[in-house]
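Engineer: Take a look and give me a structure for this.
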Amino acid sequence: MLEKNQLNLLSQIAHQESRSLSDLVREMLARELLYRERRQMQHAARELQAEYKTNPELTAFTALDGDDFLFEGDKNAPG
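Structural biologist: Below is the predicted model:
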């Protein structure tokens with residue numbers, strides 16, 4: 001449930017933008033949910049960063065990056 005001042009402010013914004021209150025609230029909610037999801041992903045990445053830097057098994061195949069061994073001898077290969 002919205003507080004009265006929140007409802008008034010949102011109604012004002014919706015009116016200024018010629019939109020329905022529901023449309024405005026849905027957009028704001030979607031934006032907030034996306035923001036929270038991104039923050040969670042950033043947090044998870046930071047937690048895994050130390051493991052990634054110290055565990056050689058996680059970077060064992062990095063040396064193969066850019067190698068074209070997959071398409072070696074393939075006449076239809078890109079490039």
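
Engineer: helices or strands next to the longest helix along the chain in the packing?
Structural biologist: Identified as the longest helix of the chain according to DSSP state H is helix 21-54. Counting contacts by 3 or more CB pairs under 8 Å, 6 or more residues apart in numbering; DSSP states H and E, helix 21-54 is packed against helix 4-16. To be clear about C-beta, it is placed using only N, CA and C from the backbone, and glycine gets the same treatment.

Engineer: Next, the buried residues of the helix it packs on.
Structural biologist: Taking 16 or more other CB atoms under 10 Å as the neighbour-count basis, helix 4-16 is seen to contain the buried residues residue 14.

Engineer: repeat for stretch 23-40
Structural biologist: So for stretch 23-40, counting by 16+ other CB under 10 Å, buried means 24-25.

Engineer: quick revisit: check the model's average confidence along the longest helix of the chain for me.
Structural biologist: Here helix 21-54 scores 94 as its mean pLDDT.

Engineer: what do you get for stretch 3-10?
Structural biologist: pLDDT averaged over stretch 3-10 gives 98.

Engineer: what's the distance between it and the middle of its chain?
Structural biologist: Taking the mean of its C-alpha atoms, stretch 3-10 sits 30 Å from the chain's own mean (CA atoms, centre = their mean, to the nearest Å).

Engineer: Dump that stretch to CSV, restricted to CA.
Structural biologist: Output in CSV follows, covering the C-alpha atoms of stretch 3-10 (Å, rounded to 0.1, in the frame of the first residue of the first chain):
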residue,chain,number,x,y,z
GLU,A,3,1.5,6.2,1.6
LYS,A,4,-0.6,9.2,0.9
ASN,A,5,2.3,11.5,0.0
GLN,A,6,3.7,8.8,-2.3
LEU,A,7,0.4,8.4,-4.1
ASN,A,8,0.0,12.2,-4.5
LEU,A,9,3.5,12.6,-5.9
LEU,A,10,3.1,9.6,-8.3
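
Engineer: hmm, who's touching that stretch?
Structural biologist: Applying CB atoms under 8 Å, 6 or more residues apart in numbering, the contact partners of stretch 3-10 are 2, 21, 24-25.
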